[in-house]
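Peer 1: this one's sequence-less:
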């Protein structure tokens, strides 16, 4: 799949979940994404890397799309926006990143939720939907996730999504300008007899 195909609306990749649906970000999403991120900045910043000065600019959004396209084309990452099924409102984002094949067959899950949509079960539904996509469509064996110990809602969400708390990593990621400890989670596919992705599915 070419870069422009990945950015274009006709790319067609869509993942359905309970009350949500996921698809890759598009150029036309910029205004809604910018508004949601801007109004959620104070809520999100404690849990995310420091935002660049131009983070909410159209140019920065275009750079994101190009980076997403490159990662997707080589099978390294699958970024999605999350939409509420009832009204197609953009509620956040979720990414399957650092996909490793060979003997590993695993990837890492990360997500964010806009402030107006917290505690509505939408991100939980998105994590479950992405997990099904990773296991059934991509044929991965294992997913990993991590969160700051103080982020109780995220820890609870991962456990509800079936992830098991597996350990603790010191200074794991640089979040909001500081190297922060993280709790590590893992989820192994329930489809252990599967040897690879579903046949006939184009991603």
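Peer 2: Yes, it's here. Values in this document were obtained by computation on a predicted structure and should not be read as measured data. Numbering: from 1, shown residues only.
Peer 1: Which stretches in this protein count as helices?
Peer 2: If you assign secondary structure with DSSP state H, the helices in the chain sit at 3-7, 30-39, 41-44, 58-73, 122-132, 152-160.
Peer 1: and those, which is most packed in?
Peer 2: helix 122-132 (a mean of 22; mean count of other Cβ atoms under 10 Å). C-betas here are computed from N, CA, C, even on glycine.
Peer 1: Contacts for that helix, please.
Peer 2: Residues from elsewhere that reach helix 122-132, judged by Cβ atoms under 8 Å, 6 or more residues apart in numbering: 15-22, 80, 82, 84, 91-92, 94, 96, 109, 111, 113, 117, 143, 157-158, 160-162, 187.
Peer 1: switch to 7 Å and redo it
Peer 2: Residues external to helix 122-132 that are found in contact with it (Cβ atoms under 7 Å, 6 or more residues apart in numbering): 15-20, 22, 82, 84, 91-92, 94, 96, 109, 111, 113, 143, 157, 160-161, 187.
Peer 1: How far off centre is that helix?
Peer 2: The gap between the average C-alpha position of helix 122-132 and the chain average comes to 9 Å, counting by Cα atoms, centre = their mean, to the nearest Å.
Peer 1: now swap in stretch 116-123 and tell me
Peer 2: The gap between the average C-alpha position of stretch 116-123 and the chain average comes to 15 Å, counting by Cα atoms, centre = their mean.
Peer 1: same question, stretch 35-55
Peer 2: When C-alpha coordinates are averaged (Cα atoms, centre = their mean), stretch 35-55 and its chain have centres 16 Å apart.
Peer 1: mind checking the end-to-end distance for it?
Peer 2: Using Cα to Cα, to the nearest Å, the span of stretch 35-55 from its first residue to its last is 12 Å.
Peer 1: So which of the helices of the chain is nearest residue 182?
Peer 2: helix 152-160 (10.3 Å; Cβ to Cβ).
Peer 1: And the contacts of that closest one?
Peer 2: Looking at helix 152-160 with Cβ under 7 Å, 6+ apart, the contacting residues turn out to be 123-124, 127, 145, 147, 183, 185.
Peer 1: among the contacts of helix 122-132, which are in strands?
Peer 2: Per DSSP state E, strands hold the following members of the contacts of helix 122-132: 15-16, 20, 22, 82, 84, 91-92, 94, 96, 109, 111, 113, 143, 187.
Peer 1: What is the nearest of the residues you listed to residue 46?
Peer 2: Each of the ones in strands among the contacts of helix 122-132 was scored against residue 46 by Cβ to Cβ, and residue 113 proved nearest at 13.5 Å.
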